[in-house]
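Participant: Compute the structure for the input listed below.
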Amino acid sequence: MDINDKILRLYTRLNSLKQNLPDKTTIVNEKYVNEYHSITADLEKIINSDLSEFKVGDGEIRPFLSSYNYIGGVKNYTKDRFCDRSFLLAKLDALLSYFQFKYLSQEKRTIGFKKED
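Facilitator: Got it, this is the predicted structure:
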């Protein structure tokens, strides 16, 4: 398998992850972040580059309050950890854009303003 095919496969996995994130909630289970990090790690190996700026920090993945007893002041948290859906999507979109500009575009893209003649 050549490098272009590997990159295309990773791009497809990222796109599929984005399209299949639960959309009826504001948080997503850590398993989605783990899959995203797995794809990112595979890409890092292939392109031999650090992509840590695209990863979700561990502090963004946490248990959420599942119940609160206001009389006793007892808080119960989920056993699973979750991430804000919008935060994961922002990281995912940033990496997809990076992919598109760096690897999938056949033409040079101009970033910024173009001077009109």
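
Participant: Spatially central residue in the chain, please.
Facilitator: Taking Cα atoms, centre = their mean, the centroid of the chain lies closest to Leu92, which sits 3.2 Å from it.

Participant: does Cys83 count as helix, strand or coil?
Facilitator: Following DSSP: H, G, I helix; E, B strand; the rest coil, Cys83 is assigned to strand.

Participant: Pull the contacting residues for it.
Facilitator: The neighbourhood of Cys83, defined by Cβ atoms under 8 Å, 6 or more residues apart in numbering, consists of Ile27, Val28, Glu30, Tyr32, Val33, Val56, Glu60, Ile61. Glycine gets a C-beta too; all of them are placed from N, C-alpha and C.

Participant: secondary structure element for the residue nearest to the centre of the chain?
Facilitator: Counting by DSSP states H and E, the element that carries Leu92 is helix 85-99.

Participant: Show me what that helix is packed up against.
Facilitator: In this structure, helix 85-99 packs against helix 3-19, strand 27-29, helix 30-47, with contacts taken as 3 or more Cβ pairs under 8 Å, 6 or more residues apart in numbering; DSSP states H and E.

Participant: and the angle from it to helix 30-47?
Facilitator: Relative orientation of helix 85-99 with respect to helix 30-47: 20 degrees, computed using axes from the mean of the first three to the mean of the last three Cα atoms, to 10 degrees.

Participant: Check which residues of helix 85-99 are buried.
Facilitator: Of the residues in helix 85-99, those buried under the neighbour-count criterion (16 or more other Cβ atoms under 10 Å) are Arg85, Phe87, Leu88, Lys91, Leu92, Leu95, Leu96, Phe99.

Participant: does the fourth one really touch Gly57, like I thought?
Facilitator: No - distance between Lys91 and Gly57: 9.5 Å, which falls outside the contact criterion (Cβ atoms under 8 Å).

Participant: so what's the residue lying closest to Tyr77 once chain neighbours are set aside up against?
Facilitator: For Tyr77, the nearest residue in space outside its immediate sequence neighbours is Pro63; the separation is 4.0 Å by Cβ to Cβ, 6 or more residues apart in numbering. Contact analysis of Pro63 by Cβ under 8 Å, 6+ apart lists Tyr77, Thr78, Lys79, Asp80, Arg81, Phe82.
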